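Visitor: fold the following.
(chains A and B)
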There are 2 protein chains.
Amino acid sequence: MAEDNKKGVILTGDRPTGRLHFGHYAGSLANRVKMQHEYHQYIIIADAQALTDNAEDVNKVRTNIIEVTIDYLSCGIDPAVSVIFVQSLVPELFELSAHYSNLVTVARLERNPTVKDEIKQKGFQRNIPVGFFCYPISQAADITSVKADTVPVGEDQIPMIEQTNEIIRKFHNLYGAKIFPEVKAAVSNVARLPGIDGSEKMGKSLGNALNISASEQEIRQAVHMMFTDPNHLRVSDPGKVEGNVVFRFLDAFDPNTSELEDLKEHYRRGGLGDSVIKKRLEGILIEGFADTRRIRRELENDLSYVREVLREGSRRAREVVAATLSQVRQAMGISYDSFRP
Amino acid sequence: MAEDNKKGVILTGDRPTGRLHFGHYAGSLANRVKMQHEYHQYIIIADAQALTDNAEDVNKVRTNIIEVTIDYLSCGIDPAVSVIFVQSLVPELFELSAHYSNLVTVARLERNPTVKDEIKQKGFQRNIPVGFFCYPISQAADITSVKADTVPVGEDQIPMIEQTNEIIRKFHNLYGAKIFPEVKAAVSNVARLPGIDGSEKMGKSLGNALNISASEQEIRQAVHMMFTDPNHLRVSDPGKVEGNVVFRFLDAFDPNTSELEDLKEHYRRGGLGDSVIKKRLEGILIEGFADTRRIRRELENDLSYVREVLREGSRRAREVVAATLSQVRQAMGISYDSFRP
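Guide: Okay, the predicted model is just below:
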């Protein structure tokens, strides 16, 4: 697998439940574009995982497979370098999950803080679908299936990586074969982007997201509506930079950091209007992502290319994952070579 | 699928955790031998399910796949008529399970009485492996994968069939396609055989089983040790027929029911020794299963034939199950024909 001088294998990806937004860009997409040249990078479009709590809205998941792929490509993910694949088109992942599910107890899953939080967030309680409850196991399958050693995550996802490493250790101990590398959580040091309304998290379902695919008009509108400092009433008033969404965005996207520091100073002591900083952000988002919008328009008119990317990526991923599964069955002692059809 | 004048499709099978015993024969094998001519009969050797609570003893599961197959063949299961297959060699079953697991809540699984009982029996409590906890979903996948409409079960397994029908209904409602027949539990009216020690259940793990593959010598020994009526001390004493293991066996295997009724009468009023009824049972088991033992010896010397049965059965099952899975994905709307590799 590890040809060359690449540093290792990354698994990353998204649940296809909506177009990607600037929070995704700052938090992971930008990093993926860079990392794809340094690592073997697999990007999973986790449709099966998305279905665990969207069984009644398959259409959303299906259409967003294409949308998310266009987001990837328009942001600079290069399918010749990164392997972009659709989870359910690599059915070996379902079998891997099944084998791992014998190595994890119900009690252990219930203790997983990430799952606990999400159950609370989604208001599931005990009516949580079994598939959703088990998704840490499915993620362990995704990660190990390509023998990833590095998984970029937010702080809140660290318990998922711990769960994966537990499964790996249990597997190695039980079956006496060291197949998988230990997985390292590459925690992003990029601060999470807030929603345009100032709430801590940007999310499509929260109605406060600004999509990467937004038109110039939509960007202007969103920036216009962005939460700043509610006590910064007159231009001459001193303003707060902390919690100010416009500055959070500028922190993420403004290439000129020294100018940005000066602006923050100015804003703090008073005399700098919101309209100035909003104008600046607007320009950065509109000009800085002009290529992204242009490429998206082109791809929307060339869907057969987008589909070909998914077809070829899924084919490549499946080759790798099938080889891993074969090693797993070998280690477990269930190759059954003498009576396998 | 339904060529001809067969009555429907049966799914039945066993977890390969030990050789089959006379309890299995009376409870289901005899019936399968008959039913295979009246129904399309699929017999699943549920290795993946067996692994859910035997992850640390794969060897037991693997070797018993062969042993159970020999038991089947030696008892008269005809692989030209019945499809004998290995669960994990039909990997589409793992994917089916995954899709179904989104249609069942954790709370619903916890309420399943069969699972509850088995958790208690195995002393698992919350340390139950996730795979084991989910096995009703996996069984629903097995059953629906061949579109079975009839599943022979004991009383205690009826909740599993209810769970399957719930999943089927939920699937049909959600995806607006009627793919599966309602499943009927064919509850055996054969009384369950007790262990040779008189306890209610015969089981390998209980150490009170008499295997179908037992030698003449082992049969004699087991019958000799069988629990009768502990108060039937002298031949002239009246004896109890109820709870008497020898009579329970005779009920199951003695072809001459009127003679058997006379013997019971005689035993009840006194004057009939245990040795007489044991001699009778011994003869019936040794002569009645002479062919079974002979065929087993032949197959043990022709393992390549046994493996060929599994290979061919698994191939045939996989064809059918893959077609079902394809319908399932079609109904769900995740065929992805335009970008499937």
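Visitor: please compute how far the lengthiest helix in chain A lies from its chain's middle.
Guide: In chain A, taking DSSP state H as the definition, the longest helix is helix A:303-332. Distance of helix A:303-332 from the chain centroid (Cα atoms, centre = their mean, to the nearest Å) equals 19 Å.
Visitor: how about it: buried residues?
Guide: Neighbour-count burial for helix A:303-332 flags A:306-307, A:309-314, A:316-318, A:320-321, A:324-325, A:328-329, A:331-332 (criterion: 16 or more other Cβ atoms under 10 Å in any protein chain shown). C-beta: built from backbone N, CA, C; applies to glycine.
Visitor: what does stretch A:153-171 give?
Guide: A:V153, A:P159, A:M160, A:I161, A:E162, A:Q163, A:T164, A:N165, A:I167, A:I168, A:F171.
Visitor: near chain B, which of those show up?
Guide: The subset of the buried residues of stretch A:153-171 within reach of chain B, counting by Cβ under 8 Å from any Cβ of the partner chain, is empty.
Visitor: got those as a markdown table, with pLDDT and distance to B:V183 columns?
Guide: Formatted as a markdown table, the buried residues of stretch A:153-171 follow (pLDDT from 0 to 100; distance: Cβ to Cβ, whole Å):
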| residue | pLDDT | distance to B:V183 |
| --- | --- | --- |
| A:V153 | 90 | 42 |
| A:P159 | 92 | 39 |
| A:M160 | 93 | 36 |
| A:I161 | 96 | 41 |
| A:E162 | 96 | 40 |
| A:Q163 | 96 | 35 |
| A:T164 | 98 | 37 |
| A:N165 | 98 | 40 |
| A:I167 | 98 | 33 |
| A:I168 | 98 | 38 |
| A:F171 | 98 | 35 |
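Visitor: restricted to strands, list those residues.
Guide: A:V153 (DSSP state E).
Visitor: return the residues in contact with A:P91.
Guide: B:P91, B:E92, B:F94, B:E95 (Cβ atoms under 8 Å, 6 or more residues apart in numbering or on different chains).
Visitor: do the same with A:I45
Guide: With Cβ under 8 Å, 6+ apart, A:I45 has these contacts: A:G13, A:D14, A:P16, A:I65, A:V68, A:T69, A:I84, A:F85, A:V86, A:Q87, A:L310.
Visitor: again, 10 Å this time
Guide: A:13-16, A:61, A:64-66, A:68-69, A:72, A:84-89, A:310, A:313-314 (Cβ atoms under 10 Å, 6 or more residues apart in numbering or on different chains).
Visitor: one more: A:T69?
Guide: Here A:T69 is in contact with A:16, A:43, A:45, A:77, A:79, A:84, A:86, A:299, A:303, A:306-307, A:309-310, A:313, B:339 (Cβ under 10 Å, 6+ apart).
Visitor: of all the residues you listed, which two lie farthest apart?
Guide: The distance between the two most remote of those (Cβ to Cβ) is 18.8 Å, for A:I43 and A:L303.
Visitor: give me the angle between the particular helix or strand that has A:Q41 in it and helix A:303-332.
Guide: Assigned by DSSP states H and E, A:Q41 belongs to strand A:40-45. Relative orientation of strand A:40-45 and helix A:303-332, computed by axes from the mean of the first three to the mean of the last three Cα atoms, to 10 degrees: 110 degrees.
Visitor: can you list the weak-confidence ranges in the stretch 101-250 of chain A?
Guide: A:125 (pLDDT under 70).
Visitor: swap in 90 and give it another go.
Guide: For the stretch 101-250 of chain A, residues meeting the criterion pLDDT under 90 lie at A:110-127, A:154-157, A:187-192, A:200-201, A:203-207.
Visitor: got the residue ranges for the helices in it?
Guide: A:106-111, A:113-122, A:130-133, A:135-145, A:158-175, A:216-225, A:245-253 (DSSP state H, counting those that start in this stretch).
Visitor: about what we covered before: does the longest helix of chain A come close to chain B?
Guide: Yes - applying Cβ under 10 Å from any Cβ of the partner chain, one finds helix A:303-332 touching chain B at A:303-304, A:306-319, A:325, A:329, A:331-332.
Visitor: chain A - how does it break down into domains?
Guide: Using automatic domain parsing, the domain parsing of chain A gives A:9-193+A:303-332, A:204-292.
Visitor: get me the contact residues on the stretch 201-341 of chain A for chain B.
Guide: A:303-304, A:306-319, A:325, A:329, A:331-341.
Visitor: quick one on the thing from earlier: just give me how far the strand holding A:Q41 sits from the chain centre.
Guide: Using Cα atoms, centre = their mean, the offset of strand A:40-45 from its chain centre is 10 Å.
Visitor: got it, and stretch A:333-341?
Guide: 37 Å.
Visitor: next, the buried residues of it.
Guide: So for stretch A:333-341, counting by 16+ other Cβ under 10 Å, buried means A:I334, A:Y336, A:F339, A:R340, A:P341.
Visitor: is the fourth one in a helix, a strand, or coil?
Guide: So that's A:R340. Under DSSP: H, G, I helix; E, B strand; the rest coil, the three-state class of A:R340 is coil.
Visitor: give me the pLDDT for it.
Guide: If you check A:R340, the pLDDT there is 96.
Visitor: that older thread, C-terminal to the strand holding A:Q41, what's the next element?
Guide: Downstream of strand A:40-45 (by DSSP H and E), the next one is helix A:47-51.
Visitor: extract the C-alpha trace of the helix or strand following that following helix and format it as CSV.
Guide: Counting by DSSP H and E, the element after helix A:47-51 in chain order, helix or strand, is helix A:58-75. Provided in CSV are the C-alpha atoms of helix A:58-75 (Å, rounded to 0.1, in the frame of the first residue of the first chain):
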residue,chain,number,x,y,z
VAL,A,58,-33.2,8.7,1.7
ASN,A,59,-33.7,11.2,-1.0
LYS,A,60,-31.8,13.8,1.0
VAL,A,61,-28.9,11.5,1.4
ARG,A,62,-28.9,10.3,-2.2
THR,A,63,-28.9,13.8,-3.7
ASN,A,64,-26.3,15.1,-1.3
ILE,A,65,-23.8,12.4,-2.4
ILE,A,66,-23.5,14.4,-5.6
GLU,A,67,-23.6,17.8,-4.0
VAL,A,68,-20.9,16.9,-1.5
THR,A,69,-18.7,15.5,-4.2
ILE,A,70,-19.1,18.7,-6.2
ASP,A,71,-18.2,20.7,-3.1
TYR,A,72,-15.0,18.5,-2.7
LEU,A,73,-14.0,19.0,-6.3
SER,A,74,-14.8,22.7,-6.4
CYS,A,75,-12.6,23.3,-3.3
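Visitor: what's the helix or strand just after helix A:58-75 packed up against?
Guide: Per DSSP H and E, the first helix or strand lying C-terminal to helix A:58-75 is strand A:83-86. On a contact count with 3 or more Cβ pairs under 10 Å, 6 or more residues apart in numbering or on different chains; DSSP states H and E, strand A:83-86 meets strand A:9-14, strand A:40-45, helix A:58-75, helix A:303-332.
Visitor: after the first one, next one along is what?
Guide: In the C-terminal direction, the helix or strand that comes right after strand A:9-14 (DSSP H and E) is helix A:22-24.
Visitor: show me what that next one is packed against.
Guide: helix A:58-75, helix A:245-253.
Visitor: sorry, back to before: turn the buried residues of stretch A:333-341 into CSV, including distance to B:G23.
Guide: Formatted as CSV, the buried residues of stretch A:333-341 follow (distance: Cβ to Cβ, whole Å):
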residue, distance to B:G23
A:I334, 27
A:Y336, 27
A:F339, 27
A:R340, 31
A:P341, 31
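Visitor: hmm, which two among the buried residues of stretch A:153-171 are most spread apart?
Guide: It's A:V153 and A:F171 that sit farthest apart of the buried residues of stretch A:153-171, by Cβ to Cβ, at 21.1 Å.
Visitor: and for A:F253, nearest residue in space, chain neighbours not counted?
Guide: Once flanking residues are discounted, A:F253 sits nearest to A:I284: 5.2 Å by Cβ to Cβ, 6 or more residues apart in numbering or on different chains.
Visitor: who are the contact partners of that neighbour?
Guide: Counted by Cβ under 10 Å, 6+ apart, A:I284 has contacts A:I219, A:V223, A:F249, A:L250, A:A252, A:F253, A:D254, A:P255, A:N256.
Visitor: swap in A:P194?
Guide: Per Cβ under 10 Å, 6+ apart, neighbours of A:P194: A:G23, A:E200, A:K201, A:M202, A:N208, A:M226, A:F227, A:G243, A:N244, A:V245, A:R248, A:F249.
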